[in-house]
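Student: Pasting the sequence and the predicted model now:
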Amino acid sequence: MISPVPMPTRPWALQMRWLELCFMHWAVDAQALGQLLPAGVELDTYQGRAYLGVVPFRMEGIRPRFTFDVPGLSAFAELNLRTYVTVQGVPGVWFFSLDTAQPTAVQLARAAFHLPYLNARMWTRKQGDVVEYASLRTHQGVAPARFAAAYRPVGEVFTAQPGSLEDWLTNRSVLYSVDRQGHIFRGDIHHAPWPLQRAEARVAVNTLSEQIGLPLEGEPRLLYSERLAVRAWLIVRA
């Protein structure tokens with residue numbers, strides 16, 4: 001899938017690196033998932049199937065343009081619950097939650113990007129090629145959620161073929177969010193093609209989707225990416 005959205009000509013605002021990322025995707029009921037989206041945001045499907053993704057990863061080197069890394073603020077783990085949508089025909093990502101253990105990042109992202117960032121206690125380590133990852137949501141006033149898994153890449157690095165499910169799930173250069181007044185915002189990102197690998201995982205506990213009432217059943221589709229440099233722009237009205 002080639003995004004119809006060109007890279008913005010205005011200056012980018014943030015840069016970062018995403019590390020040890022695992023895409024975990026489950027096919028879910030499209031009608032039920034679509035009903036959870038706000039007006040103006042349409043569910044995107046691949047060959048008629050809707051997907052809900054759980055994505056654990058780490059970030060480092062997070063800093064605004066023309067600044068330096070700040071200890072304690074420029075590196076932390078993040079855990080996303082996401083699906084795929086379109087707004088006015090433009091494909092992108094919709095986040096139901098973004099858990100992280102960095103409370104300042106939670107406050108800034110909620111204010112600047114209207115994204116549902118949530119406080120959590122998180123732990124991750126890598127032993128050999130195995131990533132161990134755990135998260136316990138601590139954010140007040142929202143549904144609790146727990147996640148614990150171990151995952152690793154298997155096979156050679158590849159780039160997803162245009163039109164494939166792997167491309168559709170990962171090649172998204174736009175995120176969408178909605179403010180309290182219901183206005184839709186678009187955030188653009190840019191990076192090189194994903195260096196993907198097949199993956200295997202053992203998920204001990206995963207209650208992230210309970211907040212939206214959709215069970216994640218069966219074995220997920222798994223993809224892994226070791227490292228990706230990313231630039232992001234400030235959001236604009238869609």
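Tutor: That came through fine.
Student: need the longest helix for the chain.
Tutor: helix 103-113 (DSSP state H).
Student: which residue is nearest the middle of the protein?
Tutor: Nearest to the mean C-alpha position of the chain, counting by Cα atoms, centre = their mean, stands residue 80 at 4.7 Å.
Student: what's near enough to touch that one?
Tutor: The neighbours of residue 80, taking Cβ atoms under 8 Å, 6 or more residues apart in numbering as the test, are 53-56, 95, 97-99. Where you see a C-beta, it was placed from the backbone N, CA and C, and this is true even at glycine.
Student: Could you list the low-pLDDT ranges of this protein?
Tutor: 1-5, 66, 68-72 (pLDDT under 70).
Student: mind redoing it with 90?
Tutor: 1-9, 63-74 (pLDDT under 90).
Student: rewinding a little: what helices or strands is the following helix or strand past the longest helix of the chain leaning on?
Tutor: Where DSSP states H and E defines the elements, the next helix or strand beyond helix 103-113 is strand 117-127. In terms of contacts (3 or more Cβ pairs under 8 Å, 6 or more residues apart in numbering; DSSP states H and E), strand 117-127 is packed against strand 76-87, strand 90-100, helix 103-113, strand 130-137.
Student: how about the strands in this structure?
Tutor: Using DSSP state E, the strands of the chain run over residues 14-28, 42-43, 50-64, 76-87, 90-100, 117-127, 130-137, 146-158, 174-178, 184-190, 196-206, 221-232, 236-237.
Student: closest to residue 214 out of those?
Tutor: Of all these, strand 14-28 sits nearest to residue 214, with 5.3 Å by Cβ to Cβ.
Student: Just the C-alpha atoms of stretch 122-141, please, in PDB.
Tutor: Extracted in PDB, the C-alpha atoms of stretch 122-141 (Å, rounded to 0.1, in the frame of the first residue of the first chain):
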ATOM      1  CA  MET A 122       6.300  -1.300  32.600                       C
ATOM      2  CA  TRP A 123       9.300  -3.600  32.400                       C
ATOM      3  CA  THR A 124      11.200  -4.900  29.400                       C
ATOM      4  CA  ARG A 125      14.500  -6.600  28.700                       C
ATOM      5  CA  LYS A 126      16.200  -8.400  25.900                       C
ATOM      6  CA  GLN A 127      18.100 -11.700  26.400                       C
ATOM      7  CA  GLY A 128      19.700 -12.900  23.200                       C
ATOM      8  CA  ASP A 129      17.000 -12.500  20.600                       C
ATOM      9  CA  VAL A 130      14.100 -12.800  23.100                       C
ATOM     10  CA  VAL A 131      12.300  -9.700  24.200                       C
ATOM     11  CA  GLU A 132      10.400 -10.000  27.500                       C
ATOM     12  CA  TYR A 133       7.800  -7.300  28.100                       C
ATOM     13  CA  ALA A 134       5.300  -6.600  30.900                       C
ATOM     14  CA  SER A 135       2.800  -3.700  31.500                       C
ATOM     15  CA  LEU A 136       0.300  -2.900  34.300                       C
ATOM     16  CA  ARG A 137      -1.900   0.100  33.700                       C
ATOM     17  CA  THR A 138      -2.100   2.500  36.600                       C
ATOM     18  CA  HIS A 139      -3.900   5.500  35.000                       C
ATOM     19  CA  GLN A 140      -6.800   6.700  37.300                       C
ATOM     20  CA  GLY A 141     -10.300   6.700  35.900                       C
END
